[in-house]
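S.K.: Next input, structure requested:
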Amino acid sequence: MSEEKKEQRFESRHDFLSTIEFILEHPVNSGKLHKGVIINLNSGGLGIYLLEQFDAGQRIIIKAGLPVPQRKAAICWIKKENNVFYRAGLKLL
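M.R.: From the prediction side, this is the model:
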């Protein structure tokens, strides 16, 4: 019998499809603009697809594409979804 992954969110996420643009926060902020696709969100976080690998714990500054006032987020987890994309969960700060 396999263990089910325990839900750790305080509120459920809602489907939402939008592109997002962001830069990495200091100390590794090179000013390079990165892109992703938001697939779901709530007031505390979002699910996203990325083309690049980032580290869990990395903080980002969102430049465009987010319909909530928060503009900073932290990558909580990231995993390779297939040969092209990474799926990640972000916590809004």
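S.K.: Where does pLDDT dip in this protein?
M.R.: Within the chain, the ranges that satisfy pLDDT under 70 run 1-11, 27-29.
S.K.: If we use 80, what do you get?
M.R.: Residues of the chain meeting the criterion pLDDT under 80: 1-13, 26-30, 65-70.
S.K.: For the residue nearest the centre of the chain, which non-adjacent residue is spatially closest?
M.R.: Compute the mean C-alpha point of the chain, and by C-alpha atoms, centre = their mean the closest residue is residue 90, 3.7 Å away. Distance criterion C-beta to C-beta, 6 or more residues apart in numbering; nearest residue to residue 90, sequence neighbours excluded, is residue 73 at 4.2 Å. In this view, the C-beta of every residue, glycine as well, is placed from N, C-alpha and C.
S.K.: For the one you found, give the beta-bridge partners.
M.R.: Beta bridges link residue 73 to residue 60, residue 92, judged by DSSP bridges.
S.K.: show me the contacts for it.
M.R.: Residue 73 makes contacts with 22, 45-46, 59-60, 62, 90-93, as judged by C-beta atoms under 8 Å, 6 or more residues apart in numbering.
S.K.: quick revisit: go ahead and confirm the residue nearest to the centre of the chain touches residue 42.
M.R.: No. In this structure, residue 90 is not within contact of residue 42 by C-beta atoms under 8 Å, at 11.2 Å.
S.K.: Great, nothing more from me.
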